[in-house]
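Student: Let me see the structure of the following:
(2 chains)
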Amino acid sequence: MAALAQEILFWALAVMMGIAAIGVVTSRNVVHAALYLVGTLMGAAALYILLLAEFVAWVQVLVYVGAIVVLMLFGLMLTRAPIGRANFDNDQRLMSALTALAVFGVTSYIMVRAFEGQTIDLTRETGTLTSSIGEVIFSTYVLPFEVVSVLLLAALVGAVVIARRD
Amino acid sequence: MPISYFLVLSALLFSVGIYGVLARQNAVLVLLSIELMLNAANINLVAFSAFLQEAGVAGQVFALFVIAVAAAEVGIGLAIVILIFRNRQSVDVDEMSLMKW
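Tutor: Model prediction:
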């Protein structure tokens, strides 16, 4: 019963994410493209909850939907992108579509072949405890964690230096 | 649930992102497509973290690192786009051919 509900939920989310992703790359309106991205990102957050990863799901909502999409909208407005309908595609659309189809075909064929018949057990009572993620980050992965914080600082300073007007 | 469901969904998002990077002209829309590709990688990481439960939460931790790096990448990317817009009054990637051979 629970497995059937999970399956239905997965397909609903997958269809929504697919439609939203195609909207991101084909929309003729830049603001709509950014808002379609919100659909894909929220769908991914719901998938993380389905995969029992609540902490990653909420970080996804906070950082991606809360910060990155807002930053993108600011970028669109600061570069005075035409807010109405306009053509944003170049003349390589056919080649791009063929490349994307080829990548999709090859990767999904390899993935399906490699993991045929293997299933994820999603029937556990509890999800991943956030405290266990915290323990792992601050013990096994403390060095990458510190490197990421230095990277964020460098990106912050770099963005200010690059975009400063003088 | 078969793990291949998640892998095929992430392959789909990744290829849609590739199409966007190749076919879009506005630099900010190219950045949006890159976010799609990063998300596809994150879905794979979290799916394998749920698949290999004996390996602990390593996959989720790396998904968090990817999210942090994506935030840094967007910050720098938009700063560069705004600088280019200020100098050239356009963010059309096809017109940025100054360093092309």
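Student: ok, now which ones touch the nearest residue to B:Pro2 once chain neighbours are set aside?
Tutor: Setting aside the residues directly before and after it, B:Pro2 is nearest to A:Thr119 in space (C-beta to C-beta, 6 or more residues apart in numbering or on different chains), at 5.4 Å. C-betas here are computed from N, CA, C, even on glycine. Each residue near A:Thr119 by C-beta atoms under 8 Å, 6 or more residues apart in numbering or on different chains is listed here: B:1-3.
Student: Please apply the same query to A:Leu37.
Tutor: Shown in contact with A:Leu37 (C-beta under 8 Å, 6+ apart): A:20, A:24, A:69, A:72, B:32, B:35-36.
Student: What are the boundaries of the helices in the chain?
Tutor: I went with chain A, as the question did not name one. Applying DSSP state H to chain A gives helices spanning A:2-26, A:30-50, A:54-59, A:69-78, A:93-114, A:130-137, A:142-163.
Student: Chain B is the one I meant
Tutor: Under DSSP H, chain B gives helices at B:3-23, B:27-51, B:58-88.
Student: Format those helices as a markdown table; extra columns: distance to A:Glu146.
Tutor: Formatted as a markdown table, the helices of chain B follow (distance: least, C-beta to C-beta, whole Å):
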| stretch | distance to A:Glu146 |
| --- | --- |
| helix B:3-23 | 29 |
| helix B:27-51 | 20 |
| helix B:58-88 | 11 |
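Student: mind putting these in TSV, distance to chain A included?
Tutor: Listed next are these as TSV, based on distance: least, C-beta to the nearest C-beta, whole Å:
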stretch	distance to chain A
helix B:3-23	4
helix B:27-51	4
helix B:58-88	4
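Student: got JSON lines for these, with mean neighbour count and mean pLDDT too?
Tutor: JSON lines is the format used below for these (neighbours: other C-beta atoms under 10 Å in any protein chain shown; pLDDT from 0 to 100):
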{"stretch": "helix B:3-23", "mean neighbour count": "24", "mean pLDDT": "92"}
{"stretch": "helix B:27-51", "mean neighbour count": "23", "mean pLDDT": "91"}
{"stretch": "helix B:58-88", "mean neighbour count": "19", "mean pLDDT": "90"}
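Student: contacting residues around stretch B:76-91?
Tutor: If you take C-beta under 8 Å, 6+ apart as the criterion, stretch B:76-91 is touched by A:71-72, A:74-75, A:78-81, A:155, A:158-160, A:162-163, A:165, B:26-28, B:31, B:34, B:95-96.
Student: which among those residues end up buried?
Tutor: By neighbour count, with 16 or more other C-beta atoms under 10 Å in any protein chain shown, the contacts of stretch B:76-91 hold A:71-72, A:75, A:78-79, A:81, A:155, A:159, A:163, B:26-28, B:31, B:34 as buried.
Student: Closest one to A:Phe138 out of the residues you listed, please.
Tutor: A:Ala155 (22.2 Å; C-beta to C-beta).
Student: In contact with the closest residue to the closest one other than its chain neighbours, which residues?
Tutor: Residue nearest to A:Ala155 in three dimensions, not counting chain neighbours: B:Ala72, with 3.6 Å by C-beta to C-beta, 6+ apart. Residues near B:Ala72 by C-beta under 8 Å, 6+ apart: A:151-152, A:154-155.
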